[in-house]
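Peer 1: Make a model of this:
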Amino acid sequence: MNITYHKATIDDVFILVENRILFALELAGPQNEEAILLLRKQMTQYFSKATTENSCISFIAKCDGMVAGIGSCHLREMPGNFKNPSGKWGYIMNMYTVPKYRRMGICKGILNSLVEEGKKNGITAFDLHATKEGEKVYVKEGFIHHIEPTLRKFIL
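Peer 2: Take a look at the predicted model:
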């Protein structure tokens, strides 16, 4: 089996969007077609803009030419702090491996590609939210649990 990784370009937006939808459906369960269409439209706009403005880095893994997984890193700059004085953060997101390609190291390959590319862009700290299934990979690759709570407010 030949696994390759490449940095996504504007030409790969469709692959990123469709695989992100598969990931979202896996997490949230079945959704109505209207919700899927709305999400597809928003994500197409996001990835088109973010890819061309370099505010998000994405990698695609292919196994013998077939899409096996995706992952992205949203780049952001904030005021620094004592743990990350540069204030340059990479938020790892959209880590998704097609089910038949799981447990083959694809997530690890994408993750390491994102971290290396992020470092080239000046990122000095990375964070992510993980599913229970994915958590082991991230811990093995040096991510640590952070006790800072997350609070959210949704405005719909």
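
Peer 1: mean confidence score for the lengthiest helix in the chain?
Peer 2: Using DSSP state H to assign secondary structure, the helix with the most residues in the chain is helix 33-53. Averaged over helix 33-53, pLDDT sits at 97.

Peer 1: repeat for stretch 73-91
Peer 2: 95.

Peer 1: for that stretch, which positions count as buried?
Peer 2: 73, 74, 75, 84, 88, 89, 90, 91 (16 or more other CB atoms under 10 Å). In short, each C-beta sits where N, CA and C put it, glycine included.

Peer 1: hmm, who's touching that stretch?
Peer 2: With contacts defined as CB atoms under 8 Å, 6 or more residues apart in numbering, stretch 73-91 is touched by 50, 54-58, 92-93, 114-115, 117-118, 121-128.

Peer 1: Over to stretch 12-24?
Peer 2: Identification of contacts with stretch 12-24 by CB under 8 Å, 6+ apart yields 8, 31, 36, 39-40, 43-44, 47-48, 51, 58, 60, 67, 69-70, 72, 94-96, 98.

Peer 1: Please indicate which of these are buried?
Peer 2: By 16+ other CB under 10 Å, the contacts of stretch 12-24 give 8, 39, 43, 47, 51, 58, 60, 67, 69-70, 72, 94-96, 98 as buried.

Peer 1: Relative to residue 137, which of the residues you listed is nearest.
Peer 2: Taking CB to CB as the measure, residue 137 lies nearest residue 95 of these, at 8.4 Å.

Peer 1: pretty sure that closest one is in a strand, no?
Peer 2: Yes: assessed with DSSP: H, G, I helix; E, B strand; the rest coil, residue 95 lies in a strand.
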